[in-house]
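Asks: next comes the sequence, and after it the predicted model I'd like to discuss.
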Amino acid sequence: MSTIEEETDIPKQKINGKVAIAQASGGIVSVVPQANGKFTLRAIFFDASENIATKPPSTVKDVTDKGMTISDAPWFEQAKEELARDVREIKGAKQNPRILEYHKSTDDLDEIDASKDEIAWCSSFVNFCMQQVGVERTKSALAKSWLKWGQELDIPRKGCVVVFERPSGGPNAGHVGFFVAEDGSNIELLGGNQGDRISISPQKKSRKLSYRWPI
């Protein structure tokens, strides 16, 4: 099973040390700033008995040009690297150039204002991660575009794409990111545009539409 550890009210001068310790222990770490100037650290650890599918469907092909197989989920490793960059929106007139790079991985530049980092970018982030490792992507800034990508999984596995509905945003609204773990009624999701940043945050299982994996 996966284990989720959370610590709040960490002073700024101690957060880097705590992150290093958690990462050295094999944790996937997300740091969230608090309103009081301190930080919350969330770390997810896995063990071998975790009840998540460990093998891809039989139709999954090798990513031969990268010298690795799809089962390595290289896009998930890219997502973790972006998480470590602490990518977040910049308040005010300035824009985070990294988020603008995510938008450039889509073909929707005429439909979205790709010059602004506050434009919904969860799908742009997933597209970017796929593009960086040479895996086919949707090239769409719409989260629900991922419902037509790859093949559906009955059982989630680490790094698979998860698509959620977002009823408050209307019928076309959604959210998308990468599966990290299950936690009761929640799915721990590594995604962009979560609290205006890349983070690991819980999403309700009841809003899940599909687990997706490349064909």
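Replies: Looks like it arrived, so ask away.
Asks: contacts, neighbours, all on C-alpha from now
Replies: Fine.
Asks: ok, residue 83 to residue 193 distance?
Replies: 12 Å (Cα to Cα, to the nearest Å).
Asks: around the spatially closest residue to residue 166 that is not a sequence neighbour, how many other residues sit close by?
Replies: Closest residue to residue 166 apart from its sequence neighbours, by Cα to Cα, 6 or more residues apart in numbering: residue 174 at 4.6 Å. If you count neighbours by other Cα atoms under 10 Å, residue 174 ends up with 22.
Asks: next: residue 21.
Replies: 11.
Asks: any idea which helix or strand carries it?
Replies: Secondary structure assignment for residue 21, by DSSP states H and E: helix 12-24.
Asks: continuing past that helix, what's the next helix or strand?
Replies: Note on helix 12-24: by DSSP H and E, the next helix or strand toward the C-terminus is strand 28-33.
Asks: that next one pairs with which strands?
Replies: strand 39-45 (antiparallel) (DSSP bridges).
Asks: touching the strand it pairs with from outside, list them.
Replies: Strand 39-45 is contacted from outside by 2-12, 15, 19, 22, 26-34, 181, 200, using Cα atoms under 8 Å, 6 or more residues apart in numbering.
Asks: just the buried members of the residues you listed?
Replies: Neighbour-count burial (16 or more other Cα atoms under 10 Å) applied to the contacts of strand 39-45 gives 2, 4, 10, 15, 19, 22, 27-32, 181, 200.
Asks: am I right that residue 7 sits in a strand?
Replies: Yes - looking at residue 7 with DSSP: H, G, I helix; E, B strand; the rest coil, it is inside a strand.
Asks: for this structure, what's the longest strand?
Replies: Secondary structure of the chain per DSSP state E: the longest strand is strand 174-183.
Asks: what angle separates that one from strand 39-45?
Replies: Here the directions of strand 174-183 and strand 39-45 differ by 70 degrees (axes from the mean of the first three to the mean of the last three Cα atoms, to 10 degrees).
Asks: returning to that earlier point: between the helix holding residue 21 and strand 28-33, how many degrees?
Replies: Using the same axes, to 10 degrees: helix 12-24 against strand 28-33 is 160 degrees.
Asks: how far out from the middle of the chain is helix 12-24?
Replies: Offset of helix 12-24 from its chain centre (Cα atoms, centre = their mean, to the nearest Å): 21 Å.
Asks: equivalent analysis for stretch 76-89, please.
Replies: With Cα atoms, centre = their mean as the basis, stretch 76-89 stands 8 Å off its chain's centre.
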